[in-house]
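**Q** With the input below, show me the fold.
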Amino acid sequence: MTAGAHCRRPSLRLLVFDLDGVIYRGKRLLPHAAETVAWARERGLAVRFLTNNSTVTRDEYARRLGEFGIPTPPAEIMTSAYATALYLKSRGNAGARVLVVGEGGLRDEIAAMGFEVLTAPPVDGVRYVAVGMDRAFCYDMLCAAMDAVLDGAEFIASNRDATFPVENGLLPGGGTIVAAIETAVGFSPRLIGKPETRMVELLLSQAGCQSAEAVIVGDRLDTDIKAGRAASIHTALVLTGISSADDVGRAPDDVRPEWVIDTLAELPALIEGRRP
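**A** Model (predicted):
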């Protein structure tokens, strides 16, 4: 384990784990993930999962985690898709038309909030354009999204992750699709996912925790760690996903984690205030 300069034992009540690159890569459970989550729960710590990946619903993530031996109710999972749906609900335009450039998770979470979801051109009367990872993205959808935004629809990005980790490498992430639409319309969207703090703050509120009582465990400096730092919670980077130890050495202060660990096997000792 490589520790940051502020490696002091926090009084923790809540552990927030990212999913892709922390708990699993693609369809492969990462070493020590299930054991570490079980350890945290046995110690009475609240555990939540937080992901920018908008492709599936919380119910589907709960099923996946259960298959990995990490039984988790959907209520303990926060996704950028669900957070986007909550944001739309907060805007007070129930039943409005939403053009979704994204996959089932984003479509279903928004529809569950009572919105009319459109997924293919032609589109009319669109109030919002919500964008996430979409492996079926095409030029026609780019045109439809551009037309809707330029006609006054609010442009919303569930996340801007440029890549996401799979078993043997990386794939382009939702941020690449957001960037295509952003280039076409000439301005940036409202961002819902990390590094914005919206999802972290929702989890803190749901768990009844103060920021000093929580730690986020992630694999990306530019999303997980930056969001944690911005929300004033403790931060641990695990080197099983995107960011490397060399990245940490080059990182500016606002994305530098308190702790850096090689695998989740090191997390219990870190939390208990001792080195492995």
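**Q** Report the mean confidence score over the helix or strand containing Ile177.
**A** Assessed by DSSP states H and E, Ile177 sits inside helix 174-185. Averaged across helix 174-185, pLDDT comes to 98.
**Q** just stretch 82-102 next, same as before
**A** The model assigns stretch 82-102 a mean pLDDT of 96.
**Q** got the buried residues for it?
**A** Within stretch 82-102, the residues that count as buried by 16 or more other Cβ atoms under 10 Å are 82-88, 96-102. Yep, even glycine has a C-beta here, placed from its N, CA and C like the rest.
**Q** Pull the distance from the helix holding Ile177 to the chain's centre.
**A** Put simply, helix 174-185 sits 18 Å off its chain's centre (Cα atoms, centre = their mean, to the nearest Å).
**Q** same for that helix, what does it pack against?
**A** strand 126-131, helix 139-150, strand 154-157 (3 or more Cβ pairs under 8 Å, 6 or more residues apart in numbering; DSSP states H and E).
**Q** Next, the buried residues of that helix.
**A** Buried residues in helix 174-185 (16+ other Cβ under 10 Å): Gly174, Gly175, Thr176, Ile177, Val178, Ala179, Ala180, Ile181, Glu182, Val185.
**Q** The first one and Asp134 touch, don't they?
**A** Yes - the pair Gly174 and Asp134 qualifies as a contact (Cβ atoms under 8 Å) at a distance of 7.4 Å.
**Q** joint contacts of those two?
**A** Residues within reach of Gly174 and of Asp134 at once, by Cβ atoms under 8 Å, 6 or more residues apart in numbering, are Gly102.
**Q** coming back round to it: what comes into contact with the helix holding Ile177?
**A** 52-54, 101-102, 129, 131-134, 137, 142, 145-146, 149-150, 155, 157-162, 188-189.
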